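[1] just need the structure, nothing else, for what follows:
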Amino acid sequence: MKRLMSLSLILALLALPAVAEGEEGNDALKRQAEVSIKIFRKEFKHPSVGRKMTALLDLHRVQHELVVDELGKRALVDRNPEVRDATAQLLGDMTVCPEKIGEYLKKNLEKNEDFPEVQVSIIRAIGKQKYKDALEELKEAAKNLNSPKYQWVTVEVVRTFGILEDGRSLPFLLWMAEYGGHALSWSTGEVNVDTGASGTADQDAAEAAWKAKYGGVRPKKPPAPVIRTYMQELEKTVKTITGQVFTNATEFRKWLIANAEKFGLDPRKLSK
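    Residues are numbered from 1 along each chain as shown. Model prediction:
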C-alpha cells in the first residue's frame, strides 16, 4: 500500500501541467509544490543521509514559498549537521522569497554555534540572498577570530559584508581591523581563493596558491593562512563599501570618522 501511495504521488507530480503565466501558472506551481512536499516528507523520514540529501535536492528545484517554508522549518533544523549544511546551501541558491529565506538563515545562525561549518554555509547563503537584516547576528558570529575552530566563520562574515555592501557594517569592520593587531598592516601579498567548499578547503587552497605565487619570498613572520585570507578579505570588503584603499587600520579610522555621515553613522561613536 505504501509503495502504491508513493507511486501515485510521483505520477501526480509528473502529470502536473507545465507552469503557465499568470494566476493559472501560480496555481499549477503551488500544486506542484504541495505534491513535492508530500514526497519529500516521506523520503526525509528515512534514516539514510543519502536519501535525505536526494530528497532535499528534488524538493529545492520547485521554486515556491511553500518549499522555502518546508526547508526552513524542517530540514534546516534537522539533527544531522550535514543535512543542515546542505539545506543552507540550497536555500542560498533559491530564487524566490529572499526575505523569508534570510529570516530562516538568520534564526538558525546562532543555533549552529557548535557547528562552524554549518555557520559558514548559512553566512554564505545570507550573502547570496542579499539579506541585510542579519547584521547583529553576523557580527556576533565573527567575534571568535582567535579561536581556530571559528576562524573561517569570521572570514566568511567579512566576505559577506562585502557582498552586501552595507555601510552599517563599517564600524564593526573597523573594530575587526584593529582587533588583535591582525590587520594593522594589510600589505602581505594577495591570493584570492574561494573553493565553494566548507571546512578547511579554502585554507588549504589559499596556502597552496600563496606558495605558487610567492614561493619562498615571505615576510619574516608570515601570518597563518587563514589570518592572511582574513586580512585580504577585510581589505577587499572595506574597499568595496568605501571605494578607498587603506594601508592600515589607523588610516581607515580617520577616513571613516570624517565620512561617517555618508553612511548614516554617528562619528562620535567612532572616536576612541
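[2] I'd like the distance between Asp85 and Ser121.
    5 Å (Cβ to Cβ, to the nearest Å). The C-beta positions use only the backbone N, C-alpha and C, and glycine is treated the same way.
[3] looking at the two, which has the bigger crowd around it?
    Between Asp85 and Ser121, counting by other Cβ atoms under 10 Å, Ser121 is the more crowded of the two (26 against 22).
[4] check contacts around the more buried one.
    Asp85, Ala88, Gln89, Gly92, Ser198 (Cβ atoms under 8 Å, 6 or more residues apart in numbering).
[5] how near is it to Leu270?
    32 Å.
[6] check Asp114 too.
    Counting by Cβ to Cβ - Asp114 and Leu270 are separated by 34 Å.
[7] who has more neighbours out of these two?
    Neighbour comparison, Asp114 and Leu270: the larger count goes to Leu270, with 17 against 9 (by other Cβ under 10 Å).
[8] touching, the more buried one and Lys254? I think so.
    No: using Cβ atoms under 8 Å, Leu270 makes no contact with Lys254, being 9.9 Å away.
[9] in stretch 157-169, what counts as buried?
    By neighbour count with 16 or more other Cβ atoms under 10 Å, stretch 157-169 contains the buried residues Val157, Val158, Arg159, Thr160, Phe161, Gly162, Leu164, Asp166, Gly167, Arg168, Ser169.
[10] show me what contacts the second one?
    So that's Val158. Applying Cβ under 8 Å, 6+ apart, we find Val158 in contact with Ala142, Leu173, Met176, Tyr230, Glu233, Leu234, Thr237.
[11] okay, and it sits in which element?
    helix 151-164 (DSSP states H and E).
[12] distance between the helix or strand just after that helix and the chain's centre?
    Counting by DSSP H and E, the next helix or strand C-terminal to helix 151-164 is helix 170-178. Relative to its chain's centre, helix 170-178 lies at 20 Å (Cα atoms, centre = their mean, to the nearest Å).
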